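**Q** structure of the sequence below:
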Amino acid sequence: MKNKLKDFRVKNELNQNDVAKIIGISQQQYSRYESTCSGLTIDKAITLADFYNVSLDELFGRDSVSKQDRKKLLLLMNEIKAVLEKIKN
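**A** Here you go, the predicted model:
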């Protein structure tokens, strides 16, 4: 799994210090996030994903499922939930 933090930061024309300030950490800590994900908490990962307007999967390189396929999967899941609700009642 590839860490794409640097890719998103560069794409948004930010430096490490800019992003570190946005999420409330030091530049040194952010540098560790980019190089190894060392110390990256789920809360900070969510903050970064929200900031870049991407999913956690995309943030960490799991972007093999297209957005269109995700929408189809979500619709299918909703249909399954509806069927399960009907079975319960």
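
**Q** use CA for all of it now, contacts and neighbours both
**A** OK.

**Q** from what I can see Leu48 touches Ile22, true?
**A** No. With the criterion set as C-alpha atoms under 8 Å, Leu48 and Ile22 do not qualify as a contacting pair; they are 9.0 Å apart.

**Q** compare these two (neighbour count), which wins?
**A** Leu48 (22 against 11; other C-alpha atoms under 10 Å).

**Q** for Ser35, what are phi and psi?
**A** The phi/psi pair for Ser35 (degrees, to the nearest 10) reads phi -80, psi -40.

**Q** and if you look at Leu40?
**A** In terms of degrees, to the nearest 10, the main-chain angles of Leu40 are phi -70, psi 120.

**Q** what pLDDT does the one residue sitting closest to the centre of the chain get?
**A** With distances taken as C-alpha atoms, centre = their mean, the chain has Leu56 as the residue nearest its mean C-alpha position (1.9 Å). pLDDT for Leu56: 89.

**Q** just give the closest residue to it, not the sequence neighbours.
**A** Nearest-residue entry for Leu56: Ala49, 5.8 Å, with adjacent residues in sequence omitted and distances by C-alpha to C-alpha, 6 or more residues apart in numbering.

**Q** ok, Lys86 to Ile80 distance?
**A** Spatial separation of Lys86 from Ile80 under the definition C-alpha to C-alpha, to the nearest Å is 10 Å.

**Q** which one of those two has more residues nearby?
**A** Comparing Lys86 with Ile80 by other C-alpha under 10 Å, the one with more neighbours is Ile80, at 12 against 9.
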